[in-house]
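>>> Return a 3D structure for these sequence lines:
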Amino acid sequence: MNLKQELFNQCENFVNKRLQTVEEIITSNQKGLQSETKSSAGDKHETGRAMLQLEMEKASQQLEGINHMKHILSKIDVSKKSDIGHIGSIIETNTANYFLSISAGKLMYNARSYFAISVSSPIGKLLLGKKKGDEILFNKKIINIINIQ
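Residues are numbered from 1 along each chain as shown. Predicted structure coming up:
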């Protein structure tokens with residue numbers, strides 16, 4: 001399997017794990033709401049329901065974020081080759097290696113680390129449209145682009 005496909009798969013696994021966790025939270029909170037409804041009335045009951053409602057809203061927002069990440073991943077064509085930084089590019093620099101995709105953190109492949117970053121992140125915005133040999137200024141440091149796949 002090639003590098004780009006492997007990093008893409010790791011990003012998909014990251015999203016699927018997050019989705020599974022959020023779905024478990026939602027299921028647990030739904031069960032909690034049902035049992036709260038059956039319990040006795042009063043302030044304690046109302047507080048419990050309000051807390052569960054807040055948890056459900058938070059989980060819904062996380063679900064939106066996960067769906068957004070899935071949408072971004074669906075736009076990536078791992079077979080596409082380009083000399084210019086775009087979504088799906090692997091960009092090697094003198095400081096780190098990046099996979100322009102979603103914010104999934106550090107990924108490993110053949111004992112080398114790659115940072116899966118969003119194109120809307122500060123460094124992602126700087127790397128978009130760049131070519132091998134270009135330089136960017138990030139956090140007051142000059143970063144040289146060594147290679148783009």
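>>> same for the longest helix along the chain, what does it pack against?
Ranked by residue count, the top helix of the chain under DSSP state H comes out as helix 3-38. Helix 3-38 sits against helix 43-74, strand 90-93, strand 97-101, strand 105-109, strand 112-118, with contacts defined as 3 or more CB pairs under 8 Å, 6 or more residues apart in numbering; DSSP states H and E. Quick note: C-beta positions are derived from backbone N, CA and C, even for glycine.
>>> quick one: which of those is nearest Glu23?
helix 43-74 (8.1 Å; CB to CB).
>>> Please name the residues that touch the residue nearest in space to the middle of the chain.
Geometric centre of the chain, nearest residue: Ser103, 3.4 Å, by CA atoms, centre = their mean. Contacts here follow CB atoms under 8 Å, 6 or more residues apart in numbering; on that basis Ser103 touches Met69, Ala116, Ile117, Ser118, Ser121.
>>> circling back: which of the residues in the longest helix of the chain are buried?
Applying a neighbour-count criterion of 16 or more other CB atoms under 10 Å, one finds 3-4, 6-8, 10-12, 14-15, 18-19, 22, 25-26, 29, 32, 36 buried in helix 3-38.
>>> cool, stretch 141-149 as well?
Ile143, Ile145, Ile148, Gln149.
>>> Enumerate every residue touching the last one.
If I follow you right, that is Gln149. If a contact means CB under 8 Å, 6+ apart, then Gln149 has Leu3, Lys4, Lys81, Ser89, Ile90 as its contacts.
>>> So which of these is the closest to Asp134?
Ser89 (12.6 Å).
>>> hang on, that closest one packs against Leu100?
Yes - contact criterion CB atoms under 8 Å: Ser89 and Leu100 qualify, at 4.8 Å.
>>> anything in contact with each of those two?
By CB under 8 Å, 6+ apart, the residues touching both Ser89 and Leu100 are Leu127.
>>> Check His45 and give its pLDDT.
The model reports His45 with a pLDDT of 62.
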